[in-house]
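Undergrad: Next comes the sequence, and after it the predicted model I'd like to discuss.
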Amino acid sequence: MRITIAELRDHPIDYNEDLAPGVIDFGPDWKQTRALKADGSAQLVEEHESKHKSILDIRLVGKLSTALETPCARCLDLVQVDIKREFDLLYRPLGVDTGREEVSVTSAEAEVGYYEGDGILLEDALREQVLLEAPIRAICREDCKGLCPHCGANLNQQQCSCAQPLEDPRWAALKDIRSKLES
């Protein structure tokens with residue numbers, strides 16, 4: 001759904017989207033497993049920069065929910081992650097802030113995005129919000145044992161038959177010093 005400045009000049013736009021898995025690409029690490037439900041509104045915000053110049057911003061407010069699936073960071077089993085998020089975003093025209101001197105940014109200004117052309121694509125904004133809510137590393141459970149570093153067996157499902165862990169040769173010099181100190 002494209003939200004354009006021309007439409008917003010006439011009236012705010014309400015949206016209620018139900019996007020099936022696969023409509024939005026969340027990248028190679030995430031697979032959408034449940035429809036993405038999003039509803040909210042978009043409105044035009046006119047910022048007066050000077051007496052004769054104004055900037056047309058798009059304010060996007062709403063909430064979303066979906067579910068994603070990703071491999072566990074420890075054992076590679078698939079993990080289901082429920083995503084729910086409320087958002088209040090402001091999009092400014094691309095390039096409107098260029099030429100200004102460098103200043104520190106407040107946390108509210110860090111939430112500002114930019115649009116190019118005549119408006120924004122709602123799906124792009126929703127994709128960004130879902131990925132911001134998704135964890136950086138998902139694990140299947142707190143006590144996940146992960147994979148054996150030698151044979152690759154999932155230690156949650158079976159005890160591997162590997163011999164004692166091999167010593168890292170980089171520690172050999174320290175082991176020699178320790179044995180000399182003990183004797």
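TA: Okay, I see it.

Undergrad: Please count neighbours and contacts with C-alpha atoms only from this point.
TA: OK.

Undergrad: So for Cys72, what's the nearest residue that isn't a sequence neighbour?
TA: Ile139 (4.5 Å; Cα to Cα, 6 or more residues apart in numbering).

Undergrad: Any idea how many residues pack against the one you found?
TA: Ile139 has 21 neighbouring residues, counting by other Cα atoms under 10 Å.

Undergrad: list the contacts for it?
TA: Contact analysis of Ile139 by Cα atoms under 8 Å, 6 or more residues apart in numbering lists 71-74, 79.

Undergrad: and Glu62, what helix or strand is that in?
TA: Quick fix: residue 62 reads Gly, not Glu. In this structure, Gly62 sits in strand 54-71 according to DSSP states H and E.

Undergrad: So for stretch 151-163, what gets flagged as buried?
TA: Neighbour counts using 16 or more other Cα atoms under 10 Å place 153-154 of stretch 151-163 among the buried residues.

Undergrad: Given the lowest-mean-pLDDT helix or strand in the chain, what are its sheet partners and their directions?
TA: Taking mean pLDDT, DSSP states H and E as the measure, the helix or strand of the chain with the lowest value is strand 112-115, at a mean of 87. Neighbouring strands of strand 112-115 in its sheet, by DSSP bridges, are strand 78-93 (parallel).

Undergrad: now the partner strand, how far from the centre of its chain.
TA: 8 Å (Cα atoms, centre = their mean, to the nearest Å).

Undergrad: Quick one: mean pLDDT over it.
TA: Averaging pLDDT along strand 78-93 gives 94.

Undergrad: contact partners of it?
TA: For strand 78-93, contacts defined as Cα under 8 Å, 6+ apart pick out 55-72, 111-117, 129-130, 133-134, 138-140.

Undergrad: Tell me which stretches of this structure form strands.
TA: Per DSSP state E, the chain carries strands over the ranges 2-4, 13-19, 31-48, 54-71, 78-93, 112-115, 119-121.

Undergrad: Make a markdown table out of those strands and add mean neighbour count.
TA: Formatted as a markdown table, these follow (neighbours: other Cα atoms under 10 Å):
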| stretch | mean neighbour count |
| --- | --- |
| strand 2-4 | 16 |
| strand 13-19 | 15 |
| strand 31-48 | 17 |
| strand 54-71 | 19 |
| strand 78-93 | 17 |
| strand 112-115 | 15 |
| strand 119-121 | 17 |
